[in-house]
Each structure stands twice: as C-alpha cells, then as structure tokens.
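Peer 1: with the sequence up front, the predicted model follows.
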Amino acid sequence: MLIKNIALITGLTVSAVTASGAFTQANAAIFNVGGINYDVTTIDTSFNASSSLLQSQPWWGNETLATTFAATVADSLGLPNFFGSFGPYFAYSLDNDRVNAKAFDSTDVNADINSTFTFATATAVNPTTVP
C-alpha cells in the first residue's frame, strides 16, 4: 500500500510540475520573415559548442534581421533564458569572448561564448500548394 501511495504521489507531482511548465520543450514553428517561411526551433548549447550552426543562421551578421526574427517569434517558443525572462537568442555577431544576440522584445544580449543558453535556429521552408 505504501509503494502504491508513493507511486501515486510521484505521478501527481510529475503531472503538476509538467502542467506548471517546469518541464518545457520548445516546439518548432513556422514564421514568415521578409516573405520567406522559416521553421524556427531552439537548441540549448554554448556558442563555442555550436558556432558553425549559429553562424549559418539567416540573421548572422545582420543585427536588423536578428531583431526582426526576435520580434516575429516573440514568446512563441517560450522564455527559456534567464529563468523565464528572455526568449531564445538570435545570435548575430561575435565580440571577443562574447556573442551578441537579440531576444524577445528586441532585448540586446551579450552572452559568454562558453555558457549554455537557448539559441534560435531556422530553416527556410517551401510553402506547399493546396489543391
């Protein structure tokens, strides 16, 4: 009986934590930026661990485009950085040992390249024609 009660309490606790959003996953979503549809998702990584991926993003080298993506995505993929304060980072340049990025609400971010954050990634997608 004690084991059943512990299992029930554990199950309820997991359900409550999941419902409260403590275990959140960013879902990919399609966003239109500049007339192009992008499948935008997130990755938890450091800049150093994923520099090639982050530098291959459409907004890399273009602060204005990073701002546009951050504003378009807004909080649609959650607020995973800094305990629910910032959306995913749209990294656009490197400054010595810091990566410059934009987050939801056009927040400027200057993050350490060795620390793990949630960064946005995007892939252009072709629209499908519906008959």
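Peer 2: In hand now; what should we look at?
Peer 1: drop to CA atoms for contacts and neighbour counts, all remaining ones
Peer 2: Will do.
Peer 1: where do the helices sit along the chain?
Peer 2: Using DSSP state H, the helices of the chain run over residues 2-20, 51-55, 63-73.
Peer 1: the residue lying closest to V109 once chain neighbours are set aside: neighbouring residues, count only.
Peer 2: Excluding the flanking residues, the one nearest V109 by CA to CA, 6 or more residues apart in numbering is A101, at 5.0 Å. Residues lying near A101 (other CA atoms under 10 Å) number 25.
Peer 1: could you do S115 as well?
Peer 2: Residues within reach of S115, counting by other CA under 10 Å, total 12.
Peer 1: phi, psi for it please.
Peer 2: Main-chain dihedrals, S115, degrees, to the nearest 10: phi -90, psi 150.
Peer 1: quick one: contacts for it?
Peer 2: Residues near S115 by CA atoms under 8 Å, 6 or more residues apart in numbering: 45-47.
Peer 1: tell me how far it lies from A49.
Peer 2: Note on S115: its distance to A49, by CA to CA, to the nearest Å, is 9 Å.
Peer 1: please apply the same query to T118.
Peer 2: 12 Å.
Peer 1: of those two, which one has the most company?
Peer 2: Remark: of T118 and A49, T118 carries more neighbours, 21 against 13, as counted by other CA under 10 Å.
Peer 1: can you name the residues that contact that one?
Peer 2: Going by CA under 8 Å, 6+ apart, the list of residues near T118 reads 42-45, 80-81, 88-89.
Peer 1: quick one: low-confidence ranges for the chain?
Peer 2: 1-27, 106, 127-131 (pLDDT under 70).
Peer 1: can you map out the strands along it?
Peer 2: 29-33, 36-45, 90-95, 98-103, 107-112, 117-125 (DSSP state E).
Peer 1: can you put these in TSV and add distance to A70?
Peer 2: Below are the strands of the chain laid out as TSV (distance: least, CA to CA, whole Å):
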stretch	distance to A70
strand 29-33	10
strand 36-45	11
strand 90-95	7
strand 98-103	5
strand 107-112	9
strand 117-125	9
